[in-house]
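Asks: One predicted model, sequence on top.
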Amino acid sequence: MLSSTRSYVIRTSQLLRASVLLHSHIHFTTTTHRTMGKNNKKKSNIIPAETYLRLPPLADASLADQPIIDTHTHLVSTFSTYRSKYKNGTLYTIHDFVREMYHNRNVRAIVDVWCEAPVLMVWKELADSALTAEDREQKWGGIDYWFVMGVHPHDAKSYNNAVEASILEAMAHPRCVGWGEMGLDYHYDNSPRAIQQEVFIRQLNHAVRLGKPLTIHTREAEADTERILMEHVPVDHKIHIHCFTDSPEFAQRLLQHFCNLYIGITGVITYSTNLNTSDIVSQMAMSDGGPRILLETDAPFMVPSNLYNSIPEIKGSRLPLCHTAMIPWVAEYTAGKAGHPWSGADIMKRANENAKTVYGVQ
């Protein structure tokens, strides 16, 4: 979503320089505007030490044995948030962050999301750094880096021919696995609704023509999202409804109409202010085919709240960012909502199979 709120606004002039992200001698800053409000628990202003971001071992060995595939993360925002919150942090580039933070966490693959307008042209250097197996081993610690690109509904008002041309260029990159995130967001209305719809349709038409999987953002726009998808997308097209928080009835209608549509589950499922996601997981688990889900973090947003049970030392404070290695806690909580016989390991295995179906990532 770049969460639903575009909570972290990164200075574009700096991000346009690849050296900011990939070379340690360049420094940069971020501006934060946290307004999401999906977890209303009071938080301490004390930021836990960086070491807690590396997370404790998982108590469930079967869960730890399952490889992690994060189908939706924002690496640029995650890394820039890390640098802004930990001024004396020990990691100086995105590659450092991925190699060190995910070391021994069984992270197999990530799908990075670029959804700004104008397009941040640093995407290409990051994607190019994952072209060869040797580069992925040396720079990414053996993790497969993939990406999707589109324009978020918040930025729909800035969509134009130049932005579209940049996205179309990215679609041809060997590490690109989809178009998005795109869609409708009527909660914040950062772009006029008519423009959101126009830009959504324009992107869908290109993605369908190219046969690219769709990464969809929809929030409080059920009727228009449903209508537009059903009018412009074939029933067998591959669709990822990212970070789903709308009504279970809406989800069921989409699942019934589109045979290759999957529901994205993030740490927001663990929040007491969100019951919809748990409800649709329970319903899917009782269906003949089981849950059609994908696991994602939407990092740096939405740290799963059940993670804090594993880190009692920081009780009363909150980690300032989410990251891919937190996926097992999302899976564990999701399994609890799916009910018997689903375990956290089962949920991760099923989600990984679905990631292969949708994005070809495995």
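Replies: The structure has been received and is ready for your questions.
Asks: Tyr188 and Leu204, how far apart?
Replies: Distance, Tyr188 to Leu204, by CB to CB, to the nearest Å: 21 Å. Where you see a C-beta, it was placed from the backbone N, CA and C, and this is true even at glycine.
Asks: repeat for His187
Replies: 21 Å.
Asks: thinking again about what came up before, counting neighbours, go ahead and name the busier of Tyr188 and Leu204.
Replies: Taking neighbours as other CB atoms under 10 Å, Tyr188 and Leu204 compare with Leu204 leading, 23 against 15.
Asks: pretty sure the more buried one is in contact with Pro234, am I right?
Replies: No: taking contacts as CB atoms under 8 Å, Leu204 lies outside contact range of Pro234: 10.7 Å.
Asks: Which stretches in the stretch 51-200 of the chain count as strands?
Replies: With DSSP state E, counting those that start in this stretch, the ranges of strands along the stretch 51-200 of the chain come out as 68-73, 107-114, 144-149, 176-185.
Asks: Next: the stretch 251-362 of the chain.
Replies: Counting by DSSP E, counting those that start in this stretch, the strands of the stretch 251-362 of the chain are 261-265, 293-295.
Asks: Kindly reformat these as a markdown table containing mean pLDDT and mean neighbour count.
Replies: Listed next are the strands of the stretch 251-362 of the chain as a markdown table, based on pLDDT from 0 to 100; neighbours: other CB atoms under 10 Å:
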| stretch | mean pLDDT | mean neighbour count |
| --- | --- | --- |
| strand 261-265 | 98 | 25 |
| strand 293-295 | 98 | 27 |
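Asks: Now the ones you listed in JSON lines, please, with extra columns for distance to Asn88.
Replies: Shown next, in JSON lines, are these (distance: least, CB to CB, whole Å):
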{"stretch": "strand 261-265", "distance to Asn88": "34"}
{"stretch": "strand 293-295", "distance to Asn88": "32"}
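Asks: for those strands, which one sits closest to Met121?
Replies: Shortest distance between Met121 and the strands of the stretch 251-362 of the chain, using CB to CB, is found for strand 261-265: 26.7 Å.
Asks: Give me the contact list for that closest one.
Replies: By CB atoms under 8 Å, 6 or more residues apart in numbering, the residues outside strand 261-265 that reach it are 71-72, 239-244, 251, 254-255, 277, 280-281, 284, 291-296, 330, 334, 351, 354, 357-358.
Asks: Which of those fall in helices?
Replies: 251, 254-255, 277, 280-281, 284, 330, 334, 351, 354, 357-358 (DSSP state H).
Asks: Closest one of the residues you listed to Leu168?
Replies: The shortest approach to Leu168 among those belongs to Val358, at 21.0 Å (CB to CB).
Asks: Please consider this matter closed, and thank you.
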